[in-house]
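**Student:** here is my input, please return the structure:
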Amino acid sequence: MLFNRIKAYRFLKNKTQDDLMTQTRIDQSRISRIERGILKPTDEEKQKLAKALKTTEGELFRKN
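**Tutor:** Next comes the predicted model:
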């Protein structure tokens with residue numbers, strides 16, 4: 001699932017949701033809801049998350 005990939009990358013990079021919050025300025029509760037698939041990230045959030053996780057948007061948000 002797409003949103004599990006965000007969490008997987010976060011774990012691979014040894015980052016917490018709080019780390020991502022600090023780097024992206026996306027609220028921790030919103031990051032949590034994105035990871036659980038409750039919310040879809042905006043285009044701006046996709047950019048910020050990919051940059052913070054040192055990957056591309058294409059890799060982080062690919063369909064399969």
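**Student:** mind listing the helices in the protein by residue range?
**Tutor:** Taking DSSP state H, the helices of the chain run over residues 2-12, 17-24, 28-35, 43-52, 57-60.
**Student:** lowest average confidence across the ones you listed, which one?
**Tutor:** Among those, helix 2-12 carries the lowest mean pLDDT, at a mean of 87.
**Student:** can I get that helix as CSV, trimmed to CA atoms?
**Tutor:** C-alpha atoms of helix 2-12 as CSV (Å, rounded to 0.1, in the frame of the first residue of the first chain):
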residue,chain,number,x,y,z
LEU,A,2,1.2,3.5,-0.9
PHE,A,3,1.1,4.9,2.6
ASN,A,4,2.9,2.0,4.2
ARG,A,5,5.8,2.9,1.9
ILE,A,6,6.1,6.3,3.6
LYS,A,7,6.3,4.6,7.0
ALA,A,8,8.8,2.0,5.6
TYR,A,9,11.1,4.8,4.3
ARG,A,10,10.8,6.6,7.6
PHE,A,11,11.9,3.4,9.4
LEU,A,12,14.7,2.8,6.9
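**Student:** let's have the helices of the chain in CSV, adding mean neighbour count.
**Tutor:** For every residue, glycine as well, the C-beta is placed using N, CA and C. What follows is these, written out as CSV (neighbours: other C-beta atoms under 10 Å):
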stretch, mean neighbour count
helix 2-12, 15
helix 17-24, 16
helix 28-35, 18
helix 43-52, 16
helix 57-60, 14
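**Student:** and residue 62, what pLDDT?
**Tutor:** If you check residue 62, the pLDDT there is 82.
**Student:** how many neighbouring residues does it have?
**Tutor:** By other C-beta atoms under 10 Å, 10 other residues sit near residue 62.
**Student:** and it, how far from residue 43?
**Tutor:** 15 Å (C-beta to C-beta, to the nearest Å).
**Student:** kindly report the same for residue 52.
**Tutor:** Distance, residue 52 to residue 43, using C-beta to C-beta: 15 Å.
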